[in-house]
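Student: Generate a structure from the sequence data that follows.
(chains A and B)
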Amino acid sequence: MNISVENISHTYKGAERLSINELSLKIKSGTKHGIFGSNGAGKSTLIKIICNVISPTSGTVVFNKKDDSLNDVVEVKQSIGYVPQDFAFYEELTLLQNAKYFGTMFNLTDIEIQEQYDSLVSVFGLKNDQKKKISSFSGGMKRKVNLILGLLHKPEIIILDEPIVGIDVHSKNDILNYLNELHQMGKTIIYTSHQMNESQSFCENFTLLNDGKNIITGNLEEVLLHQNKRNLESILLDQ
Amino acid sequence: MRKLKAGIAKEFLLLLNDKVGLGMMVFLPILLVVIITTIQNSALNLVNNNQIELILSNQDKQALSKDYVASLKQSQLFNIVEEDFSIDELNNAINGSDTPFGLHISENFSATIIEENQIKTNSILESMGLEESSGKKNVIDNEITLTLIYSPIIQSNYAQSIEKMVFTLSKKLSTNLFLSELSELLEIDPSSLNIDQQLEQSNLLMQKASVDKVESSFPNASQHNVPAWSIFAVFFMVVSLAGNFVKEKVNGSFDRVLTMPSSVWYLIGSKAILFWIVSLFQVILIFTISRFLFQFIGLPTLYFPDNLLIFGWIILLTGATAVSYSLLIGVYSKTVEQATGFGAISVVIFAAIGGIWVPSFVMPPLLKLLSNISPLHWCIELFYSVFLKGGTFANLISPSLVLIGMNVVFFLLVYLKLRKLNILSK
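Tutor: Purely as a prediction, here's the structure:
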C-alpha cells in the first residue's frame, strides 16, 4: 500500500507556528521509510496525521492499494499498526488482558487474538511473563509490549514512533530483527528515531524534516548528497 | 456489542486492580456514612436523651435558691455537680473540663426575687386602691443573680436553649412566690390554691406528626445522613472516572484507540456503563448496611420507602448524573491532577451548596439560589422526597426533569469537546 501525503499543514491550538508546513511526501509500499529531524521538526505530528489520530488543518493523506485509492476509513485503519512513543497500554493489566481489549477493538475474533498473541509473545521472549502485570516489566519489555499491541491485527503498514528508545541492546536487536522479518514479508514500515546509527542501517528511504517542512526524501545517498554530509547524525547536528 | 463488552471487561479489571480507587469507591463511603451518622446521632442524643452536665455554684444561703436548685434537679435536664466556686473559678473549671455548662447563683438571688415581688405586689395593690402610695421604690434594680457559663465549643444556639431553660425555671420560681404573696395579702391561704399544680396544668396539647404520617420517617440521623452522604460518595467517583479518562489521554492509549476501526463512544460508553453499575452497587451496599447492620452498632435503622420502583429510579438517575458529570470533567481536563483536584473540590462545593451538610432552606438567599445549579441538590431532593416525605412519582417529576436536563447538558458538552478535537470523525 502506497501512502501519499499531499500538501498538509497542521498547527496545535495556541501555537504560534505551524507544526507541519505544506508538507508532501510519498512512501512506497513494502519499504522501510525513516522520518528524521531534530526535536520539534514535526515527526510525531506527521505520524499522528498519517495514523488518523489528529487531523491536518489542510491537505490530505491518500492510501493507494495498487491503483485504487482507499476511501474506507475502517479499511485504512485496519491496515495500519501504530506503535506510539509512549507506553500506550494499561500497565495495571497483563499483556493478554491488553491484547484481548485492543484486539477486539481491531475487530479480531478471540481465536485470532489468541493465535497472534501466542506467536508474538514467543517471538519477543515474553512467554514466562504472561501472568504478570505490565507494571512489573522492564523498559525493554514494555517497548516489546507496545510493539506487540500494534502488530496484533497483522497490519500492512507499521508506523513506529521511537520504538527502540531507552532499551538495552538485546531488546533493541529483538525488535529490529523482527521488523526486518516483517519487511521481508512485504510490510511497509515507517520509522522515526533519534538513534541515527541504527536508523541509517535499518531504513531504505529517508525523509528529513525541519520546522515542519520536508527538506528532502530519498535513499541514503541522495539525502547525504543533498545535505553534503557523511552520515545522518551530522545532518541532525547541524540542524 | 462485543467491543462494548470488551471495554467494560477492561474497565472492570482496571478497577479491580486499582485497590486504592476501589477502596475509595466502596469502603470509604461506608466509613463516611457510619462516621457522619454516628456523630449526628450522638449530637441528637446529647440534646434529646442525655442529661446535660452542669457545675452549679450556689452562693445564696436562703431558701429560695435552694428551691431553685431543687427545681433544676427535678427538671431532669441536668446532671448537676455542686461546687463552691466564684465566677472566675467556675470559668476556669468549665475551661479545663469536658463539662459544657456552669451556673453561678449569686448571694443576692433570693433577696432580689423577694424584693422584686414586693415591688410588684405593692404596685398592684396601689393600682387597685387597696394601699396608699408608700413612696417606697417601685423600680426593680437590674441585679445579676444568675450567671450561665458555657464552654466555647458549644454552639451558640444550643447555649441559648440552655439559657432559656435556666431562666424559665427561675421565672417560674418568681411567679410562684408572687402569687403566694398576693394570695396572703388577699387573706387567702396559698396552700389551698395549689399554685404549683395550677401553673403546671394545661389543656393545650401538642402533637408531633411527620408530613407522611409514618412514624418511621420521623427525622433520625440515618434517615437524613445515609441518603445525603451516599449521594456525596457516588459523585466522588469523579476522582476515579475522570482521573482514569485523563490518564488514558495522557499515556497514549486513547490515541491508540483512535487509530483503530472503532468509535470513541465504545471507550466512553464502557466507562460510563461500568461506573454506573458501580454507583448502583455503592448505594445498594450502603443502604443495605444501614437497614440491616446499623442497629448492631447503636445507630438508628434506616427505613426504606414503600415504593421500591421509585427508589430504583432515584438511584439510577443519581448514578447517571454522577457518571455524566465525571465524564465532563475527564474530557475537559488536561492532566490527572486537574481532573482529580477540580473534580473532588467541585463535588465538595456542590455538596455544600446542595444541602448535603446542612439543608438548603437554612442557607442565605444567594446560596439557596446557587443550590439550584448543584446536581447533588436535586439528587437529595429526590431522596428526601421518598425517604422523609413519602413522595409519589408526581413529587419526583420536577427534580427528575432537572436532573435529566443536567445529564443532557453534560453529555452535550462532552460531545462538543470531542467534536472540537476532531475525535468523533475518526
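
Student: What parts of the stretch 1-150 of chain B come near chain A?
Tutor: B:Arg2, B:Lys3, B:Ala6, B:Gly7, B:Ala9, B:Lys10, B:Leu13, B:Leu14, B:Asn17, B:Asp18 (C-beta under 8 Å from any C-beta of the partner chain). C-beta coordinates here come from the backbone N, C-alpha and C atoms, glycine included.

Student: Tell me which stretches of chain A form helices.
Tutor: A:43-50, A:73-79, A:95-105, A:110-123, A:139-151, A:169-184, A:196-202, A:220-227, A:232-238 (DSSP state H).

Student: Switch those over to TSV, and while doing so, append mean neighbour count, distance to chain B and mean pLDDT to every line.
Tutor: Rendered in TSV, the data for those read as follows (neighbours: other C-beta atoms under 10 Å in any protein chain shown; distance: least, C-beta to the nearest C-beta, whole Å; pLDDT from 0 to 100):
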stretch	mean neighbour count	distance to chain B	mean pLDDT
helix A:43-50	24	7	87
helix A:73-79	17	4	83
helix A:95-105	23	4	93
helix A:110-123	16	9	91
helix A:139-151	22	7	90
helix A:169-184	16	18	87
helix A:196-202	16	22	81
helix A:220-227	15	28	82
helix A:232-238	16	25	75
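
Student: one step back: what about the residues of the stretch 1-150 of chain B next to chain A, which are in helices?
Tutor: B:Arg2, B:Lys3, B:Ala6, B:Gly7, B:Ala9, B:Lys10, B:Leu13, B:Leu14, B:Asn17.

Student: ok, and the closest non-adjacent residue to the fourth one?
Tutor: What it means is B:Gly7. Spatial nearest neighbour of B:Gly7, chain neighbours left out: B:Ser270 (2.6 Å); criterion: C-beta to C-beta, 6 or more residues apart in numbering or on different chains.

Student: can you check the third one too?
Tutor: Taking C-beta to C-beta, 6+ apart, and ignoring the residues beside it in sequence, B:Ala6 has A:Thr104 as its nearest neighbour in space, at 3.8 Å.

Student: thinking again about what came up before, for PyMOL, what selects the buried ones among the residues of the stretch 1-150 of chain B next to chain A?
Tutor: In PyMOL, selecting the buried portion of those, with burial taken from 16 or more other C-beta atoms under 10 Å in any protein chain shown, looks like this:
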select buried, chain B and resi 3+6+7+9+10+13+14+17+18
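
Student: related to what we said a few turns ago, could you dump the helices of chain A into a markdown table with distance to B:Phe178 added?
Tutor: As requested, those are exported to a markdown table (distance: least, C-beta to C-beta, whole Å):
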| stretch | distance to B:Phe178 |
| --- | --- |
| helix A:43-50 | 93 |
| helix A:73-79 | 96 |
| helix A:95-105 | 86 |
| helix A:110-123 | 94 |
| helix A:139-151 | 91 |
| helix A:169-184 | 100 |
| helix A:196-202 | 107 |
| helix A:220-227 | 113 |
| helix A:232-238 | 105 |
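
Student: tally of neighbours for the residue of chain B found nearest chain A?
Tutor: Per C-beta to the nearest C-beta, B:Gly252 is where chain B lies closest to chain A, at 3.3 Å. B:Gly252 has 20 neighbours, counted by other C-beta atoms under 10 Å in any protein chain shown.

Student: Now do the same contact list for it.
Tutor: With contacts defined as C-beta atoms under 8 Å, 6 or more residues apart in numbering or on different chains, the neighbours of B:Gly252 are A:Pro84, A:Gln85, A:Asp86, A:Phe87, A:Ala88.

Student: Which parts of the stretch 51-200 of chain B are strands?
Tutor: B:52-58, B:78-82, B:101-105, B:146-150 (DSSP state E, counting those that start in this stretch).

Student: how about the second one: buried residues?
Tutor: Of the residues in strand B:78-82, B:Phe78, B:Ile80 count as buried by neighbour count, 16+ other C-beta under 10 Å.

Student: pLDDT (mean, whole number) over that strand?
Tutor: Strand B:78-82 carries an average pLDDT of 88.

Student: ok, the residue lying closest to A:Glu156 once chain neighbours are set aside to A:Asn64 distance?
Tutor: Spatial nearest neighbour of A:Glu156, chain neighbours left out: A:Ser79 (4.6 Å); criterion: C-beta to C-beta, 6+ apart. From A:Ser79 across to A:Asn64, the span is 11 Å (C-beta to C-beta, to the nearest Å).

Student: Also B:Pro364?
Tutor: Distance from B:Pro364 to A:Asn64, by C-beta to C-beta: 69 Å.

Student: Neighbour count: the two, which is higher?
Tutor: Set B:Pro364 next to A:Asn64 and count neighbours by other C-beta under 10 Å: A:Asn64 wins out with 14 against 8.

Student: isn't that one right next to A:Lys26, touching?
Tutor: No - if you go by C-beta atoms under 8 Å, A:Asn64 and A:Lys26 don't touch, sitting 9.6 Å apart.

Student: Tell me where the stretch 251-400 of chain B has helices.
Tutor: Ranges of helices in the stretch 251-400 of chain B, per DSSP state H, counting those that start in this stretch, are B:253-258, B:264-292, B:308-332, B:336-354, B:365-370, B:375-387, B:393-420.

Student: can you list those helices in TSV and add mean neighbour count and mean pLDDT?
Tutor: Below are the helices of the stretch 251-400 of chain B laid out as TSV (neighbours: other C-beta atoms under 10 Å in any protein chain shown; pLDDT from 0 to 100):
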stretch	mean neighbour count	mean pLDDT
helix B:253-258	22	83
helix B:264-292	19	90
helix B:308-332	21	92
helix B:336-354	19	91
helix B:365-370	12	87
helix B:375-387	25	87
helix B:393-420	15	90
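
Student: Which of the ones you listed sits closest to B:Glu82?
Tutor: With C-beta to C-beta, the closest approach to B:Glu82 among these belongs to helix B:264-292: 42.6 Å.

Student: Can you tell me, leaving aside adjacent residues, what's nearest to B:Gln51?
Tutor: Spatially, and ignoring its direct neighbours in sequence, B:Gln51 is nearest to B:Asn79 (4.0 Å; C-beta to C-beta, 6+ apart).

Student: from what I can see that neighbour touches B:Leu54, true?
Tutor: Yes - at 6.7 Å, B:Asn79 counts as touching B:Leu54 under the criterion of C-beta under 8 Å.

Student: picking that back up, which of the residues of the stretch 1-150 of chain B next to chain A scores worst on pLDDT?
Tutor: Ranking these by pLDDT, B:Asp18 lands last with 84.

Student: And for that residue, nearest residue in space, chain neighbours not counted?
Tutor: A:Glu92 (6.5 Å).

Student: Just the pLDDT at that neighbour, thanks.
Tutor: Listed pLDDT for A:Glu92 reads 90.

Student: Select, out of the helices of chain A, the one closest to B:Ser75.
Tutor: Across these, closest to B:Ser75 is helix A:95-105 (C-beta to C-beta), at 68.6 Å.

Student: Run the angle between the closest one and helix A:139-151 for me.
Tutor: Between helix A:95-105 and helix A:139-151, the angle comes out at 20 degrees (axes from the mean of the first three to the mean of the last three C-alpha atoms, to 10 degrees).

Student: Enumerate residues external to helix A:95-105 that contact any of its residues.
Tutor: So helix A:95-105 is contacted by A:89-90, A:93, A:110, A:112-113, A:116-117, A:121, A:126, A:129-130, A:134, A:145, A:148-149, A:152-153, B:2-3, B:6-7, B:9-10, B:13, B:256-257, B:260-262, B:266 (C-beta under 8 Å, 6+ apart).

Student: coming back round to it: quickly note the distance from the residue nearest to B:Asp18 to A:Leu126.
Tutor: From A:Glu92 to A:Leu126 the distance is 17 Å (C-beta to C-beta).

Student: How about B:Leu179?
Tutor: Shown here: B:Leu179 relative to A:Leu126, a distance of 98 Å by C-beta to C-beta.
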